[in-house]
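Asker: Output the structure for:
(2 chains)
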Amino acid sequence: AQTVTQSQPEMSVQEAETVTLSCTYDTSESDYYLFWYKQPPSRQMILVIRQEAYKQQNATENRFSVNFQKAAKSFSLKISDSQLGDAAMYFCASNSGYALNFGKGTSLLVTP
Amino acid sequence: DAGVIQSPRHEVTEMGQEVTLRCKPISGHDYLFWYRQTMMRGLELLIYFNNNVPIDDSGMPEDRFSAKMPNASFSTLKIQPSEPRDSAVYFCASSLGTSPAGELFFGEGSRLTVL
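Answerer: Got it, this is the predicted structure:
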């Protein structure tokens, strides 16, 4: 079974600081992909960043980067220079074919 | 291009009533997914379609749930009869199936409350 585990139900960060959200996964896929999605209070899920497991280089999208440790099955998200607009639920996901399995999410609070 | 459109945005109904949730995927997308989100279970995949054909419905909770995709631009998720434990936010998402790495585009969700 595919499982995605986010062990931090809530995290808090001060504006302009850096925060890291943790995620571990287990998959039977030989070639797989990992994702972080953001869900703001508006509810709509938005893709933040994705990583192809066969690529060793960690993905980066502006202030968002990942630390992908394949052997440890770890995929953490780092948010640098946190902004008030980053406050949201963050979901880690792995693919199962074309569908995604999501973790339970981490609620990120950003304080001024 | 408009995103994934779901209706209704909110639905309040009484136990035993039939509920129909609707979804219009992004034009040209060939995969459509239905997810359910609750506090207890998080985001669960219910069913997904490829080119209007159901591929995996193993996440559908029970026979009270059914989903259809009569054409490439419309899908429904029906619950009959509804129960209070069906209360959740139901999301529809679509993607272009060029790669499993493809982004899923989500609608804004339908919040269902069953009294």
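
Asker: Who is the spatially most central residue of chain B paired with across the strands?
Answerer: Most central residue of chain B, judged by C-alpha distance to the mean C-alpha position with C-alpha atoms, centre = their mean, is B:Trp34 at 3.1 Å. Counting by DSSP bridges, B:Trp34 is bridged to B:Ile47, B:Cys92.

Asker: who's in contact with it?
Answerer: B:23, B:45-48, B:67, B:75, B:77, B:90-92 (C-beta atoms under 8 Å, 6 or more residues apart in numbering or on different chains). Using the backbone N, CA and C atoms, a C-beta is placed for each residue, glycine as well.

Asker: Run through the residues of chain B sitting next to chain A.
Answerer: Proximity of chain B to chain A, by C-beta under 8 Å from any C-beta of the partner chain, involves residues B:31, B:33, B:42-43, B:45, B:48, B:50, B:55-56, B:89, B:91, B:93, B:95, B:97, B:100-104, B:106-109.

Asker: ok so, going back, and the contacts of B:Trp34 as TSV, adding pLDDT?
Answerer: Rendered in TSV, the data for these read as follows (pLDDT from 0 to 100):
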residue	pLDDT
B:Cys23	98
B:Leu45	95
B:Leu46	97
B:Ile47	97
B:Tyr48	96
B:Ala67	98
B:Ser75	98
B:Leu77	98
B:Tyr90	98
B:Phe91	98
B:Cys92	97
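
Asker: and of those, the nearest to B:Val114?
Answerer: The closest of those to B:Val114 turns out to be B:Tyr90 (C-beta to C-beta; 11.9 Å).

Asker: Find the residue closest to the closest one in space, skipping its chain neighbours.
Answerer: On the basis of C-beta to C-beta, 6 or more residues apart in numbering or on different chains, the spatially nearest residue to B:Tyr90 that is not a chain neighbour turns out to be B:Ser110, at 4.8 Å.

Asker: And for A:Ser107?
Answerer: Nearest non-adjacent residue to A:Ser107, counting by C-beta to C-beta, 6+ apart: A:Glu10, 4.7 Å away.

Asker: Now, of the residues of chain B next to chain A, which are buried?
Answerer: With burial judged by 16 or more other C-beta atoms under 10 Å in any protein chain shown, the buried subset of those is B:31, B:33, B:42-43, B:45, B:48, B:50, B:56, B:89, B:91, B:93, B:95, B:100-102, B:104, B:106-109.
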